[in-house]
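>>> sequence and predicted structure below; questions after.
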Amino acid sequence: MNKIELHKLIKKIEELQNDKIISLNIGVAALPVHVKIRSIHPHAEERLKTRGITLEDAQSYIDNAMIMFEQKERTRLYISGDGNSAVLIKGAELITAYPAKDFDDTIKIIIEEVSKFES
């Protein structure tokens, strides 16, 4: 995705947030910045087990992210077509992850919008 398309996508997501179609709480859209998971929060360990996700799956969600959202408290949410991973930037700690089967309407709308801008 080139800078012009990324700018248009970010504007579209901002419009959806302003129209309350997707929550402002998801954060600010950005092109994914690669991060290697360096630690796992106990909450994430439990979520990985209950959701049947491996650490490799969570890393794959980051590596293959279509878009990323900068969130509060130095957290990034990475969205891929296979699942999502949320990472705390300080220390690259995984704080949660979930598979695509658990996507809510907000994530589905975001993926639909991103797909329109992919070449």
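Yes, it's here. These numbers come from a predicted model, not from an experiment.
>>> report the beta-bridge partners for the residue nearest to the spatial centre of the chain.
Centroid-nearest residue in the chain: Tyr78, 2.3 Å away (criterion: CA atoms, centre = their mean). Bridge pairing for Tyr78 (DSSP bridges) gives the partners Met68, Ser85.
>>> from Ile4, how far off is it?
23 Å (CB to CB, to the nearest Å). In short, each C-beta sits where N, CA and C put it, glycine included.
>>> please, where are all the strands along this protein?
Ranges of strands in the chain, per DSSP state E, are 28-30, 39-40, 67-71, 75-79, 83-88, 93-99.
>>> which of the ones you listed is buried the deepest?
strand 83-88 (a mean of 24; mean count of other CB atoms under 10 Å).
>>> residues near Thr106, how many?
The number of residues packed near Thr106 is 16, by other CB atoms under 10 Å.
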